[in-house]
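Asks: Sequence and predicted model, in that order:
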Amino acid sequence: MNLPFETRSLATVQRSLAEPATEYPLLPALLRGCPESATEEMQYPLELDYDYGRVKDVTFRRESTWADWEELLPPRHPKADMPVGGTPLVDVSALAPAHLSGRRILVKDDSRNPTWSHKDRLNVFTISAALCEEAKTIIVASSGNHGVSAAAMAARAGLNCIVLTMPEVSGAIRDMILGYGAFPLFLAADDRWPAMRALAELPGIYPVSNLTPAHTGHPWGPEGYKTIAYEILADLDGASPAAVVVPTGYGEMIYGIYKGFREAFLLGHIDRMPRLVAVEPSARGPVHHALQQGRSTVTVEAGPTVQLGTATTVNGYRPVAAIRQNRGLSLLVDDEAALRAHKKLGRCGLWLEISSGATLAALDQIEEFENDGPVVLMGCSTGLKEPSTPKENRATGADLETLRATLMRDYGFEL
């Protein structure tokens with residue numbers, strides 16, 4: 001593939017996840033799944049394959065960075081230069097349930113990415129692909145993190161961005177999209193996809209959202225999630241954790257994390273894979289139900305949930321494949337448990353979205369892990385993006401008696 005810039009990437013082809021797999025050139029990115037194997041019921045996603053035999057400079061030891069992993073990542077266009085990743089592991093072992101006491105529990109705090117979410121890892125490469133294909137405007141359908149991230153990455157790269165979102169989107173999400181100079185269009189939830197498909201037919205318009213019923217997504221995007229695995233290994237000085245617990249919606253992130261660890265294993269950098277745990281809202285949970293039913297994808301009812309970051313009604317093929325290959329777990333967490341855990345994390349100084357709190361709650365369902373090493377919980381985004389109810393802040397008196405009374409009345413806190 002001829003690119004207008006130099007790259008150390010050893011990516012060779014797009015390869016479908018269907019059996020048997022079909023290979024295609026790296027570009028154009030196939031955004032509607034594998035054309036060879038697609039049926040009305042299933043559109044298999046594609047991933048990038050690499051010339052692993054030529055990998056020579058990769059390391060996952062302490063202080064290694066994205067510069068050390070370029071061979072295993074998609075080609076990155078010079079304009080897709082937003083600094084992404086490098087987020088910390090935060091020790092929250094004090095919150096471990098009693099049966100896991102003594103086990104290190106770490107939160108991978110991806111709320112510290114440029115737009116405060118894990119989606120920046122995905123979009124730095126979807127934008128790179130868009131630039132390589134000479135797009136002028138990207139379009140994205142999103143009610144949250146994906147739209148904000150795409151807007152920021154597009155702005156940085158000099159591209160226009162249209163975000164198809166919903167009227168009830170949180171004020172923070174709306175204001176961030178506008179702040180990055182993107183153009184939000186507010187539609188009913190189910191209308192976003194026909195609008196996306198209609199816009200995608202126009203010249204110069206490039207979708208970075210899913211276009212298919214079975215959710216195939218962008219082939220380049222999940223490759224960015226591999227860096228979560230790489231960074232965990234680097235922070236643990238090359239050692240594999242016991243498990244990684246992941247809030248899961250469509251499931252591109254858990255697949256990327258799986259692939260990152262699998263590459264480290266196949267290249268001889270680790271001697272075992274961590275166990276992957278997918279966590280979904282009990283009101284929905286398509287990945288869980290697909291696994292229970294022995295299927296690749298299912299559609300579930302849109303039950304009410306406050307775990308908005310993972311409130312999908314259909315899953316992608318990727319997370320089911322990753323959990324099966326990894327012999328991982330798929331767990332459901334109800335809103336009450338997620339909110340309790342969310343509050344506990346806040347008292348540890350981590351104000352994450354509620355769906356990230358569900359990973360801590362999920363530990364109550366796990367008796368033990370097979371391997372030693374820490375358990376890593378994925379913290380995907382900031383609590384600032386959650387919808388909030390307007391509240392009037394009443395001024396209080398400055399005298400000690402009034403201050404005491406106000407603290408007790410509003411918070412139950414006694415001086």
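Replies: That came through, no problem.
Asks: so how far is Ile138 from the closest residue to His118 other than its chain neighbours?
Replies: Nearest residue to His118 in three dimensions, chain neighbours excluded: Asp110, at 4.1 Å (Cβ to Cβ, 6 or more residues apart in numbering). C-betas here are computed from N, CA, C, even on glycine. Taken as Cβ to Cβ, to the nearest Å, the spacing of Asp110 relative to Ile138 amounts to 22 Å.
Asks: what about Val58, how many neighbours?
Replies: 18 (other Cβ atoms under 10 Å).
Asks: same deal with Ala94?
Replies: Here the number of neighbours of Ala94 (other Cβ under 10 Å) works out to 10.
Asks: And for Phe183?
Replies: Neighbours of Phe183 under the rule other Cβ under 10 Å: 14.
Asks: for it, what are its contacts?
Replies: Each residue near Phe183 by Cβ atoms under 8 Å, 6 or more residues apart in numbering is listed here: 160-163.
Asks: Which ChimeraX command selects the buried ones in these?
Replies: A single ChimeraX command suffices to select whichever of the contacts of Phe183 are buried according to 16 or more other Cβ atoms under 10 Å:
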select :160,161,162,163
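Asks: Of the contacts of Phe183, which belong to helices?
Replies: Judged by DSSP state H, the contacts of Phe183 include no members of helices.
Asks: contact partners of stretch 198-209?
Replies: Contact partners of stretch 198-209, identified using Cβ under 8 Å, 6+ apart, comprise 31, 123, 126-127, 130, 133, 135-142, 146, 150, 162, 164, 196, 211, 217-218, 221.
Asks: any idea how far Val300 is from Glu252?
Replies: To Val300, Glu252 is 18 Å away according to Cβ to Cβ.
Asks: who's more crowded, these two?
Replies: Neighbour tally, Glu252 and Val300, criterion other Cβ under 10 Å: the higher count belongs to Glu252, 27 against 18.
Asks: re earlier: out of the contacts of stretch 198-209, list just those in helices.
Replies: Judged by DSSP H, the contacts of stretch 198-209 include 123, 126-127, 130, 146, 150, 196 as members of helices.
Asks: Give me the neighbour count for the residue nearest to His118.
Replies: The local packing of Asp110 (other Cβ under 10 Å) involves 28 other residues.
Asks: same thing with Met82?
Replies: Using other Cβ under 10 Å, the number of residues around Met82 comes to 18.
Asks: Distance of the nearest residue to Leu89 once chain neighbours are set aside relative to Ala94?
Replies: Distances taken as Cβ to Cβ, 6+ apart put Leu106 closest to Leu89, at 4.3 Å, once the chain neighbours are dropped. Distance of Leu106 to Ala94, computed by Cβ to Cβ: 12 Å.
Asks: one step back: quick check, the residue nearest to Leu89 in a helix?
Replies: No: Leu106: not assigned to a helix; according to DSSP: H, G, I helix; E, B strand; the rest coil it is strand.
Asks: Quickly find the element holding Phe261.
Replies: helix 252-266 (DSSP states H and E).
Asks: so what does that helix touch, helix or strand wise?
Replies: In this structure, helix 252-266 packs against helix 119-132, helix 226-235, strand 243-247, strand 275-281, helix 317-326, with contacts taken as 3 or more Cβ pairs under 8 Å, 6 or more residues apart in numbering; DSSP states H and E.
Asks: and the ones you listed as JSON lines, adding mean pLDDT, distance to Thr310 and mean neighbour count?
Replies: Formatted as JSON lines, the helices and strands packed on helix 252-266 follow (pLDDT from 0 to 100; distance: least, Cβ to Cβ, whole Å; neighbours: other Cβ atoms under 10 Å):
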{"stretch": "helix 119-132", "mean pLDDT": "98", "distance to Thr310": "13", "mean neighbour count": "28"}
{"stretch": "helix 226-235", "mean pLDDT": "98", "distance to Thr310": "16", "mean neighbour count": "24"}
{"stretch": "strand 243-247", "mean pLDDT": "98", "distance to Thr310": "5", "mean neighbour count": "29"}
{"stretch": "strand 275-281", "mean pLDDT": "98", "distance to Thr310": "6", "mean neighbour count": "27"}
{"stretch": "helix 317-326", "mean pLDDT": "96", "distance to Thr310": "11", "mean neighbour count": "22"}
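Asks: Now distance to Ile205 too, for the ones you listed, in JSON lines please.
Replies: Listed next are the helices and strands packed on helix 252-266 as JSON lines, based on distance: least, Cβ to Cβ, whole Å:
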{"stretch": "helix 119-132", "distance to Ile205": "10"}
{"stretch": "helix 226-235", "distance to Ile205": "28"}
{"stretch": "strand 243-247", "distance to Ile205": "30"}
{"stretch": "strand 275-281", "distance to Ile205": "32"}
{"stretch": "helix 317-326", "distance to Ile205": "25"}
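Asks: quick one, which of those is nearest to His99?
Replies: Relative to His99, the nearest member of those by Cβ to Cβ is strand 243-247, separated by 14.5 Å.
Asks: what's the angle between the closest one and strand 275-281?
Replies: Here the directions of strand 243-247 and strand 275-281 differ by 20 degrees (axes from the mean of the first three to the mean of the last three Cα atoms, to 10 degrees).
Asks: Can you dump the C-alpha atoms of strand 243-247 in PDB for me?
Replies: Listed in PDB are the C-alpha atoms of strand 243-247, where the atom choice follows Å, rounded to 0.1, in the frame of the first residue of the first chain:
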ATOM      1  CA  ALA A 243      -7.800 -10.500  34.800                       C
ATOM      2  CA  VAL A 244      -9.200  -7.400  33.100                       C
ATOM      3  CA  VAL A 245     -12.800  -6.500  33.800                       C
ATOM      4  CA  VAL A 246     -14.400  -4.500  31.000                       C
ATOM      5  CA  PRO A 247     -17.700  -2.500  30.700                       C
END
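Asks: Many thanks, have a good one.
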